[in-house]
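Asker: starting from these lines, generate the structure:
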Amino acid sequence: MPDGPGNSGPDYDEDFYAWTQYQAEVLRSMPCDDNRFDRDHVAEEIEDLGKSERRAAESQIVRVLEHFLKIAHSPADRPRYGWMSSIADARRHLKSTLTPTLRRYAECEFTELYEDALEAARLALLEHGEDQAAAALPAACPYTLDQVLDRSWYPEPPRSGSKAEEGER
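Answerer: A predicted model of the protein is given here:
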């Protein structure tokens, strides 16, 4: 609960990330004559809680994008449902952690998040001998954040007749 009227900052329950960043800023700007209170470190810890939420959201978005790429480009059938299960799990996490502020952040950083996913997907495909699939991965992101979050959307698998050796990624 805020101490008094005029709290104009982000709401804790609606946007935890924005709340942590705001609270750290407020704490740092408050006058304090009592040197027993380690204001700077407390503010840093509060700020770090929000950064941890941001990193968790980034990680889940990268995981979804990586699996989108493998579904869309790997000729292997067997691991496809495992990738879809991983996507569903990441989407559940994102549903609870992606606040409005983190969503805007993800939209701004989406290209960089895709580059991380592209690297991971390329290495996973190469590890399993799917060199052609790895070479075919698009340099520019063909997906949107809305697709990442849409529980019913998955990319189409490749339409080639050849089958790669099946196995888990």
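Asker: let me know the outermost residue of the protein.
Answerer: Distance from the centre of the chain peaks at D33, with 40.8 Å (CA atoms, centre = their mean).
Asker: does that one count as helix, strand or coil?
Answerer: Judged by DSSP: H, G, I helix; E, B strand; the rest coil, the three-state class of D33 is coil.
Asker: relative to A136, how far out is it?
Answerer: Applying CB to CB, to the nearest Å, one obtains 64 Å for the distance of D33 from A136. (C-beta placed from N, C-alpha, C; glycine too.)
Asker: for whichever helix or strand Y114 is part of, buried residues please.
Answerer: Using DSSP states H and E, the element containing Y114 is helix 100-127. Residues of helix 100-127 classed as buried by neighbour count (16 or more other CB atoms under 10 Å): 101-103, 105-106, 110, 113-114, 116-118, 120-122, 124-125.
Asker: which of those sit farthest apart?
Answerer: Greatest spacing in the buried residues of helix 100-127, by CB to CB: T101 and L125 (34.1 Å).
Asker: skip ahead from the one helix or strand in the chain whose mean pLDDT sits lowest and say which helix or strand is next.
Answerer: Within the chain, judged by mean pLDDT, DSSP states H and E, the helix or strand with the poorest mean is helix 16-29; its value is a mean of 90. Tracing the chain past helix 16-29, the next element assigned as helix or strand by DSSP H and E is helix 39-73.
Asker: elements contacting that next one?
Answerer: Helix 39-73 sits against helix 16-29, helix 80-97, helix 100-127, helix 145-149, with contacts defined as 3 or more CB pairs under 8 Å, 6 or more residues apart in numbering; DSSP states H and E.
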